[in-house]
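Q: build the 3D model from these lines:
(one chain, ligands or ions: 1)
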Amino acid sequence: MTGLLRTERLEAGYGTMQVLWGVDLNVSGNETVVLLGSNGAGKTTFMKCLMGLLPSRAGTVTFRGEEITGLTTRARVERGLSFMSELGIFPDLSVAENIDLGALFRPRADAKRRAAELFELFPVLKEKRRQAAGGLSGGQRKMLGIAKALAAEPKLLVMDEPSAGLSPLFVATVIRSLAECRAGGLSLLIAEQNVKFLELGDRVFTMEGGRVHFGGTPAEIQADDGLRRAYFGLGQDDHVRA
Ligand code: ATP
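A: Reported below is the predicted structural model:
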């Protein structure tokens, strides 16, 4: 596996409040990394920094061998970073138009081919492609968020709590869709609190107080009783399927 994304001593915050305190994290090609952390740990702030939505105060972000720390969000998207966010869905536009917007910086022919592929991956979106996105259910909107992010044909998809607000059934559907993307060669960085997402992870990092504290395989996190208790509320005899 080759190095895809690397952050070194990344620091960021809001006004006088510092949130990230020197975050070192890396993602390789064809790898899925899950970032676990409780509420307020700094996961969203970290992802915003990766995407250039929030300036970092110190440290570096390197993507595919190039330092991108000072680049705009658009320049990062053009280089193959994509961020899944429900906030990016336009409710008055149709499902198909929203997906088209995700491919805004791609050549037109590529965007059309990609949209067709995405409708195969998400049949429910194909069915509703002419309907306004505002009429989708929470789970369907999540699918649209993923499809829109994938329309840019990223090398790395960054996702902030894809399970938030979803029923267990939809969580399973989202995980299945992501597993398919992963099998197709996409790398994923997923901030989550839902233990189910460990199924997807090659490696897991924990973040607390704006610092990364643990990096290892899902099996290693399961083997550590303290981490199991902290993140999954499970004791020694409970078993997490990962
Ligand atoms: P959650 O799982 O609850 O989404 P998180 O790990 O994503 O949490 P962040 O959203 O990065 O955590 O928040 C980290 C800290 O930064 C929190 O103390 C939060 O209150 C603060 N914070 C986040 N966004 C802003 C903002 N726009 N302005 C000021 N403070 C902020």
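
Q: gap between V77 and the ligand?
A: 21 Å (CB to the nearest ligand atom, to the nearest Å). Any C-beta I mention is one placed from the backbone N, CA and C, and that applies to glycine too.

Q: tell me the residues of the protein that contact the ligand?
A: Y14, M17, V19, G37, N39, G40, A41, G42, K43, T44, T45 (CB under 6 Å from any ligand atom).

Q: A58 reaches L10, doesn't it?
A: Yes: between A58 and L10 there is a contact under CB atoms under 8 Å: 7.4 Å.

Q: more neighbours, those two?
A: More crowded of A58 and L10, by other CB atoms under 10 Å: L10, with 25 against 14.

Q: what's across from that one in the sheet?
A: V23 (DSSP bridges).

Q: P168: how many residues sit nearby?
A: P168: 10 neighbours (other CB under 10 Å).

Q: tell me the pLDDT of it.
A: With respect to pLDDT, P168 scores 84.

Q: what's near enough to touch the spatially most central residue of the chain?
A: For the chain, M159 is the residue whose C-alpha lies nearest the centre (CA atoms, centre = their mean; 1.7 Å). Counting by CB atoms under 8 Å, 6 or more residues apart in numbering, M159 touches F83, M84, I146, A149, L188, L189, I190, A191.

Q: nearest to the ligand, of these?
A: A191 (6.5 Å; CB to the nearest ligand atom).

Q: okay, and the closest one sits in which element?
A: Assigned by DSSP states H and E, A191 belongs to strand 187-192.

Q: tell me which strands and helices that strand is in contact with?
A: Counting contacts by 3 or more CB pairs under 8 Å, 6 or more residues apart in numbering; DSSP states H and E, strand 187-192 packs against strand 3-14, strand 17-28, strand 32-36, helix 43-51, strand 156-160, helix 168-183.

Q: pairing partners for the third one, with directions?
A: I take that to be strand 32-36. Short version: by DSSP bridges, strand 32-36 pairs with strand 187-192 (parallel), strand 203-208 (parallel).

Q: that's all I had, so thanks and see you.
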